[in-house]
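Q: Fold the following and give me the result.
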Amino acid sequence: MEQYAIKGGNPLVGEVEIAGAKNAALPIFAAAAMTEETVYIDNVPDVRDIDVMLDAMRGIGVMVKKADRHRIVMNAGNIHNLTVEDDRCKKIRGSYYLLGAFLGRYKSAEVVLPGGCDIGSRGIDQHLKGFRALGAEVIIEHGLIKARAAQLRGSHIYMDKVSVGATINVMMAATLAEGMTIIENCAKEPHVVDVANFLNSCGANIKGAGTDVIRIRGVARLHGTEYGIIPDQIEAGTYMFAAAVTRGDVLVKNVIPKHLESVTAKLLEIGCEVEEADDCIRVVAARPPMHTQVRTLPYPGFPTDMQPQITVALALAKGTSIVTESIFENRFKYVDELARMGADIKVEGGDTAIIDGVGKYTGASVTAPDLRGGAALVIAALAAEGFSTVDDIKYIERGYEDFHLKLQSLGAQIELVETDKDFQKFKLKVS
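A: This next block holds a predicted model:
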């Protein structure tokens, strides 16, 4: 089984190009199935979750063609099945966006209950509430979410809690509903805005995306379009913190600095130098990080998907830091693995990590528990003294394109290996 072999101790130095946002691409693919005309989508990341979603869509009759590595051509004019139950879809969260898309276009959809990383409860109650408010009957049976409506009518919907998935799903269904839909207490994440912009480019009438109130006037049909996905703010933030942890100097290119303001603010707070330009950010870490406090919040707050990365940095800071996770209750699974490298972190109540900084990490064999926790463990290994291996990298490959290759380009000593013999060869080569 593949794993990363890493020799730590090299500061990351250089430039890295950020791919398109996976969390925008998945719902945009679903939204592309709402028109029978051809759609061209650029800046698509080449990661495993994307492949799973596209394979599932091929399986129900969507024509999907890779024009090149980062450009997808789709045509959903000949969909022959409104039931999506591909076993692999259970492993990705994005498959449930086909509910809103198909309910809007066909007034009927059946999608397997979604999975994703085991980082805590991610209920779908707000999705179902929104669909029902639009006039759909929704049930869950035999592992499928089934939604049907004779007709969808606009409605006034107040989300009981901020939910990215529910905001996007209900927005898609409402796009082809009759009349006006108002969704309050919406998620404001950049990928919510990106999906709304994509739909508008197809002829939808959506206003307010990026605020907590979205207004959607239903249209009769959508048409084809050509669209480029926004850069991945979480991939960008990961490399920014990798620079901080390894005391490096990294220019992160193809980003929207506005999307990264909360990350930039914390990097400045822990003592990094940060320089911004129109589409890039440079992070320089000349000294060890300083301690601070962090609380994850919906956008524009500090992202839950960046919580493991900042914790890895704070575990090397002098003094005590506190990280509070307010989004997912099971997001500290990587802490036990980080302790193998010497981190001193106590998790209290499941949602608060009390971090006493240590002077250094030491190499160890660790296992990625999920996507972002796995990436954070790689960052820790890059800063550690000696050799490390990171197992279960399938999680990391779900959301990071060419992760080890991009790190290599920044001077990291990291390789993909499959056997202990490969690992020994790597040790000999880099020693």
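
Q: who touches the helix or strand bottoming out on mean pLDDT in the chain?
A: Ranked by mean pLDDT, DSSP states H and E, the weakest helix or strand in the chain is strand 83-84, scoring a mean of 89. Here strand 83-84 makes contact (Cβ atoms under 8 Å, 6 or more residues apart in numbering) with Ala56, Gly59, Ile60, Ser95, Leu98, Ala109, Glu110, Val111, Val112, Leu144. C-betas here are computed from N, CA, C, even on glycine.

Q: Hmm, Ala56 and the fourth one touching each other?
A: Read that as Ser95. Yes. Ser95 is within contact range of Ala56, at 6.3 Å (criterion: Cβ atoms under 8 Å).

Q: Quick check on the contacts of strand 83-84: which are buried?
A: Burial by neighbour count, 16 or more other Cβ atoms under 10 Å: within the contacts of strand 83-84 this picks out Ala56, Ile60, Ser95, Leu98, Ala109, Glu110, Val111, Val112, Leu144.

Q: for the first one, what are its contacts?
A: Spelled out, it's Ala56. Under the criterion of Cβ under 8 Å, 6+ apart, the neighbours of Ala56 are Val84, Asp86, Arg88, Cys89, Ser95, Leu98.

Q: What backbone torsions are found at it?
A: Backbone geometry at Ala56, expressed as degrees, to the nearest 10, gives phi -60, psi -40.

Q: before we move on, back to that, report the set of residues contacting both of Ser95 and Ala56.
A: By Cβ under 8 Å, 6+ apart, Ser95 and Ala56 have these common neighbours: Val84, Asp86, Cys89.

Q: Enumerate every residue touching the residue nearest to the last one when sequence neighbours are not counted.
A: I take that to be Cys89. In this structure, Cys89 finds its nearest non-sequential neighbour in Ser95, 3.8 Å apart by Cβ to Cβ, 6 or more residues apart in numbering. Residues near Ser95 by Cβ under 8 Å, 6+ apart: Val52, Met53, Ala56, Val84, Asp86, Cys89, Val111, Val112, Pro114.

Q: Compile these into a markdown table and extend it with columns for secondary structure and distance to Glu37.
A: Output for those, formatted as a markdown table (DSSP: H, G, I helix; E, B strand; the rest coil; distance: Cβ to Cβ, whole Å):
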| residue | secondary structure | distance to Glu37 |
| --- | --- | --- |
| Val52 | helix | 25 |
| Met53 | helix | 20 |
| Ala56 | helix | 21 |
| Val84 | strand | 21 |
| Asp86 | coil | 25 |
| Cys89 | helix | 25 |
| Val111 | strand | 23 |
| Val112 | strand | 27 |
| Pro114 | coil | 27 |
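
Q: Tell me which two of those sit farthest apart.
A: Val52 and Val111 (13.4 Å; Cβ to Cβ).

Q: what's the overlap in contacts for those two?
A: Cys89, Ser95.

Q: Inside helices: which ones of the contacts of strand 83-84?
A: Within the contacts of strand 83-84, residues falling in helices by DSSP state H are Ala56, Gly59, Leu98.

Q: can you tell me which residues contact the last one?
A: Pointing back at Leu98 there. Going by Cβ under 8 Å, 6+ apart, Leu98 touches Ala30, Ala33, Ala56, Met57, Val84, Ala109, Val111.

Q: Quick check: pLDDT value at it.
A: Note for Leu98: predicted pLDDT of 95.
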